[in-house]
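Student: let me see the structure of the following:
(chains A and B)
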Amino acid sequence: NAGVTQTPKFQVLKTGQSMTLQCAQDMNHEYMSWYRQDPGMGLRLIHYSVGAGITDQGEVPNGYNVSRSTTEDFPLRLLSAAPSQTSVYFCASSYSGLGGTGELFFGEGSRLTVL
Amino acid sequence: AQKVTQAQTEISVVEKEDVTLDCVYETRDTTYYLFWYKQPPSGELVFLIRRNSFDEQNEISGRYSWNFQKSTSSFNFTITASQVVDSAVYFCALSAPALNDYKLSFGAGTTVTVRA
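Tutor: Numbers count the residues shown, from 1 in each chain, chains lettered A, B, ... in the order given. Next up is the predicted model:
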């Protein structure tokens, strides 16, 4: 069972470079999201999608872009990386909203360092 | 607005001791859901429990138990007879579907270290 797959697991960037974190799920989940984890702050929602073609901002969206062209994939793009984006990024998916089935399935995380 | 506070940053115990993790939440919604997740040293996030705001029954699952008290807005988590494998970061989280059915608000996490 693949579940939620994130790539790459580790990445080092220089300030100003761009990159895409990939996320794919094979559970036919409508809802997908990206969180970032920083020490002492827990996880914070960056962007989310409730279905193909539909995305919305979370609480810390600045500096990140997303798109959802298929149900399976939800890439996160950093257009011009900044040191403040050094973090661990988690992709998550669920069958329905949290008031429904209630469980988010998380990927293994991607550790990004911006120098 | 919704907020989760985990006041304990780190807890260190000796194996077989009990450990209780505190979680205090804030929300204006009457319908909400509370979660606990475990993040072991390997880094993945493991779902432990979800509780809705209308169910205040305590829950026990093996060595894990949860105490939900709406009167004090708390959803505390106890590990009984702790083991080294319980060493992890534990996150409490809250969702309020009326505001946003898709956002989990996480606490800062509590790092539990169980020493042999």
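
Student: so what sits opposite the residue nearest to the spatial centre of chain A in the bridge?
Tutor: Taking CA atoms, centre = their mean, the centroid of chain A lies closest to A:Trp34, which sits 2.6 Å from it. Here A:Trp34 sits in beta bridges with A:His47, A:Cys91, as judged by DSSP bridges.

Student: dump the residue contacts of it.
Tutor: A:21, A:23, A:45-48, A:58, A:64, A:66, A:74, A:76, A:89-92 (CB atoms under 8 Å, 6 or more residues apart in numbering or on different chains). Every residue, glycine included, has its C-beta placed from N, CA and C.

Student: now the buried members of these.
Tutor: Neighbour-count burial (16 or more other CB atoms under 10 Å in any protein chain shown) applied to those gives A:21, A:23, A:45-48, A:58, A:64, A:66, A:74, A:76, A:89-92.

Student: identify all contacting residues around the least confident helix or strand in chain B by mean pLDDT.
Tutor: For chain B, counting by mean pLDDT, DSSP states H and E, strand B:59-61 ranks last in confidence among helices and strands (a mean of 87). Applying CB under 8 Å, 6+ apart, the contact partners of strand B:59-61 are B:Ile49, B:Arg51, B:Ser65, B:Trp66.

Student: the nearest residue to B:Asn58 once chain neighbours are set aside: neighbour count?
Tutor: Computed as CB to CB, 6 or more residues apart in numbering or on different chains, the closest residue to B:Asn58 that is not its neighbour in sequence is B:Asn67, at 5.3 Å. B:Asn67: 15 surrounding residues under other CB atoms under 10 Å in any protein chain shown.

Student: where's the residue nearest to the centre of chain A relative to chain B, distance?
Tutor: Separation of A:Trp34 from chain B (CB to the nearest CB, to the nearest Å) stands at 12 Å.

Student: is the nearest residue to B:Glu44 once chain neighbours are set aside in a helix, a strand, or coil?
Tutor: In space, and not counting its chain neighbours, B:Glu44 is closest to A:Glu108: 5.2 Å by CB to CB, 6+ apart. Judged by DSSP: H, G, I helix; E, B strand; the rest coil, the three-state class of A:Glu108 is coil.

Student: and A:Glu108, how far from A:Asn65?
Tutor: 22 Å (CB to CB, to the nearest Å).

Student: show me what contacts the residue nearest to A:Ala2 when sequence neighbours are not counted?
Tutor: Once flanking residues are discounted, A:Ala2 sits nearest to A:Asp26: 4.9 Å by CB to CB, 6+ apart. When contacts are counted by CB under 8 Å, 6+ apart, A:Asp26 touches A:Ala2, A:Gly3, A:Thr5, A:Glu72.

Student: run a quick neighbour tally on the closest residue to the second one other than its chain neighbours.
Tutor: Which is A:Gly3. Excluding its sequence neighbours, the residue lying closest to A:Gly3 (CB to CB, 6+ apart) is A:Phe105, at 5.8 Å. When neighbours are defined as other CB under 10 Å, A:Phe105 has 17 of them.

Student: picking that back up, how about the least confident helix or strand of chain B: buried residues?
Tutor: Per 16+ other CB under 10 Å, strand B:59-61 contains no buried residues.

Student: kindly report the same for stretch B:48-61.
Tutor: B:Leu48, B:Ile49, B:Arg50, B:Arg51, B:Ser53.

Student: reformat these as CSV; add secondary structure and distance to A:Ala82.
Tutor: What follows is the buried residues of stretch B:48-61, written out as CSV (DSSP: H, G, I helix; E, B strand; the rest coil; distance: CB to CB, whole Å):
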residue, secondary structure, distance to A:Ala82
B:Leu48, strand, 34
B:Ile49, strand, 36
B:Arg50, strand, 35
B:Arg51, strand, 38
B:Ser53, coil, 39
